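> Test case, fold it:
(one chain, ligands or ions: 1)
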Amino acid sequence: MSVAMEGQENWIGNEHQDVLAKNMLKNLKEEAAQVVSKCIDLESSQVARLLETPKDPSHGQLSLPVFFLAKELRQAPAQIAKDLADKANQELSDQAKQGSVRIQPIEKVEALSGFVNFHFRAAYLQQVVSQSLLQAAEEQIGASGRGKGKRIVIDYSSPNVAKPMSIGHLRATVIGQAICNLARSQGFEVLGLNHLGDWGVQFGKLAWAYQSWGQEYDFKEKPFESLYAIYVRFHAEAETNKELEEEGAKTFKRLEDGDEEVLALWRWFVEISMKEYQRLWDLLGVKHDLVKGESFYNDRLKPTEKLLEEKGLLEESDGAMVVRLDEENIPPCLIRKSDGASLYATRDLASAIYRMEELKADMNLYVVGVDQSLHFKQVFKVLDKMGYSWAKDCHHISFGMYRFKDQGKMSTRRGNVIFLEDVLNKAVELVQKIIEEKNPQLPNKNEVAKQVGIGAIVFNDLFYDRVRNVDFDWERVVDFEGDSGPYVQYTYVRCWSLMQKYSQNIESEFKLELDSPEEKELLMFLMRYDEVLNLAFESFKPHLVANYLLDLCRCFGHFYHRHRILNASEPELVAARMSLVHATEKVLKSGLSILNMQAPRAM
Ligand code: ARG
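Predicted coordinates for the structure are as follows:
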């Protein structure tokens, strides 16, 4: 089996490429490939795969590198490119003479060193944008049907009861939700799952701590804070008083044996914690489909161990039961401790079996930090050894850590954890201040500040390739003009306000050909959207969407600053430009919703 590896770009495999919905860029590629295949001895599907999108828009919309032909043709690439471009132009003019009714997609073909560049007509680009964006319903924008009939389980956010969600859980939460959204856009049925950390010896400790010190805390007014406080206190006192560990273990034993009194406390702790998390999930707009905490697997642990035993995989080691993974050169997977207690890994074996066999998932994803890489490697390997062929469909979607540029500046530290809620609140406050300065008349100020402040934190997280660490710098996070969420939302607001000011219906077909470089570049950029979603899904990397949106906003900025829109010279031109604005608005809105961000209409 292939264990998911960091940096591995494509886990879906190429066999699915052909079932991809026809995307916008693909239309263009097919057009160029057909012309090329008439000129050289190569199938158009092969040519299509070789086509690239040039970085410099003055090089046209697609580019074919011809270096690969040099050896066979025994010619310099520059010469090959020139000959091919000549032939292609001849082919295009022959086609034009045959006088078909449709728009000729390609205007001209140019050779540039070892490349053949294709310049498409703006009218053709507009036709594609019109069909795929302007005439499409909101949920069709960027969508594909590649996942039709397939189910994905995504384990994300999954906090630990009694512990506050820290900034570290932000990543597990927002990357997970973005991957859910991406998968849904690709037609998969998605079950977002919360693998709540709700079992283990710490619940014995908590119950004991509550029974001993509970009355000293204000559980009525501040239930979650009090719960966390006794948790912290237990660990602090256990440092010097070894008996506490024993008390905790004893109380956990009572819990495992079903003692009603301890069970009731445990249920209450879970309830207090879930209420707290729910508030944060609501703020972030995060929604799980299922909660299956660690305790859910209690009944399934013995059967799982039995299976391991039957397969001859279980071995004793210092009184504990383990599965050896020597051939992988990794430490053994611990299944049961010497005191009989089950472990995190055992639960994850049971949970994978549940998801694949009972929930009938086709793919099982875990959005969890890089610090748990070894754990998942072990679990997946054990599943493989158990003979589950689906072990290869389990993937650890790992991510790096937060790094704060200036720890000292974080006025939000309580103890040594950085609370997610504090970070969100601070972002909202900062945005409130900016709005007070820049746009004090704004209606609904507080609501907008919330959308923008929280969006800023979410965007900053998703902007980085998840395998990297996140540099957190407050100034950058809320910079309305930088690589930030507010900048993307602000561009959205620009589009929206143009649409509000335009008193007429926006046409879903372009009234005029818009062929300035900025307009063509924007058209081309819009056309990339569905491919970006595809790639982001394949590699489970939402940062591709975040970075695309920033580039799209820059592209829109060039158009916006260069051209008059509402007061352009003639009504048809205004109409055509407004169609372009509307297409941008649709893509921005879709992209923001993939990242689980709001699209405010004013800010
Ligand atoms: N509760 C764990 C943590 O906060 C994450 C759980 C991830 N999911 C899993 N199936 N192990 O570190």
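> residue at max distance from the center of the chain?
Taking C-alpha atoms, centre = their mean, the residue of the chain most remote from its mean C-alpha position is Lys97, at 48.2 Å.
> tell me the pLDDT at that residue?
According to the prediction, Lys97 has pLDDT 87.
> Next one: it relative to the ligand, how far apart?
64 Å (C-beta to the nearest ligand atom, to the nearest Å). All C-beta spots, glycine's among them, are computed from the backbone N, C-alpha and C.
> Likewise for Gln202?
Distance from Gln202 to the ligand, by C-beta to the nearest ligand atom: 12 Å.
> now Thr584
Distance from Thr584 to the ligand, by C-beta to the nearest ligand atom: 38 Å.
> now Ile80
Taking C-beta to the nearest ligand atom, one finds Ile80 at 53 Å from the ligand.
> contacting residues around that residue?
66, 69-70, 73, 114 (C-beta atoms under 8 Å, 6 or more residues apart in numbering).
> What's the ChimeraX line that selects buried ones from those?
Buried residues within these, by 16 or more other C-beta atoms under 10 Å, are selected in ChimeraX with:
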select :66,69,114
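> what two of the contacts of Ile80 have the greatest distance between them?
Spatial extent of the contacts of Ile80 (C-beta to C-beta) is set by the pair Leu73 and Gly114 at 12.3 Å.
> burial count for Leu314?
Neighbour count for Leu314, taken as other C-beta atoms under 10 Å: 17.
> Do I have it right that it meets Val323?
Yes - the pair Leu314 / Val323 is scored as a contact, 6.5 Å apart, by C-beta atoms under 8 Å.
> Are there residues contacting both of these two? Which ones?
Shared contacts of Leu314 and Val323 (C-beta under 8 Å, 6+ apart): 308, 335.
> coming back round to it: tell me the spacing between the residue farthest from the centre of the chain and Gln90.
11 Å (C-beta to C-beta, to the nearest Å).
> do Gln378 as well
62 Å.
> Which one of the two is surrounded by more residues?
Of the pair Gln378 and Gln90, Gln378 is the one with more neighbours under other C-beta under 10 Å, namely 23 against 13.
> does the more buried one count as helix, strand or coil?
helix (DSSP: H, G, I helix; E, B strand; the rest coil).
> roughly how far apart are it and Asp384?
Following C-beta to C-beta, the distance that separates Gln378 from Asp384 is 11 Å.
> got it, and Trp474?
Distance from Trp474 to Asp384, by C-beta to C-beta: 45 Å.
> Could you do Leu325 as well?
10 Å.
> How about the contacts made by Val382?
308, 313, 323, 325, 333, 345, 349.
> Mind checking the pLDDT average for the helix or strand containing it?
Per DSSP states H and E: Val382 is located in helix 373-385. Helix 373-385 carries an average pLDDT of 98.
> and if you look at stretch 63-72?
Averaging pLDDT along stretch 63-72 yields 90.
> Give me the buried positions along that stretch.
Buried-residue list, stretch 63-72, by 16+ other C-beta under 10 Å: 63-64, 66, 69.
> next one: stretch 309-320
313-314, 320.
> now do stretch 552-570
552-553, 555-560, 565, 568.
> The stretch 301-450 of the chain against the ligand: which residues are in contact?
348, 351, 366, 368 (C-beta under 6 Å from any ligand atom).
> quick one: which two of these are the most distant?
Spatially, the most separated pair among those is Ser351 and Val368, at 12.4 Å (C-beta to C-beta).
> joint contacts of those two?
Joint contacts of Ser351 and Val368 (C-beta under 8 Å, 6+ apart) are Asp155.
> related to what we said a few turns ago, give me the subset of the contacts of Val382 lying in helices.
If you go by DSSP state H, the contacts of Val382 have 308, 345, 349 in helices.
> Model confidence score at the nearest residue to the last one once chain neighbours are set aside, please.
Nearest in space to Leu349, with sequence neighbours left out and distances taken as C-beta to C-beta, 6 or more residues apart in numbering, is Thr304 at 5.3 Å. Per-residue pLDDT puts Thr304 at 96.
> Likewise for the one 4 residues further on?
Reading off the per-residue confidence, Leu308 sits at a pLDDT of 97.
> Could I get the contacting residues of it?
So Leu308 contacts 314, 323, 335, 349, 382, 386 (C-beta under 8 Å, 6+ apart).
> Okay, the first one and Asn298: tell me how far apart.
Computed with C-beta to C-beta, the distance linking Leu314 and Asn298 is 19 Å.
> Mind checking what helix or strand follows the least confident helix or strand in the chain by mean pLDDT in sequence?
In the chain, no helix or strand scores lower on mean pLDDT, DSSP states H and E than strand 413-414, which sits at a mean of 43. Following strand 413-414 in sequence order, the next helix or strand is strand 417-418 (DSSP H and E).
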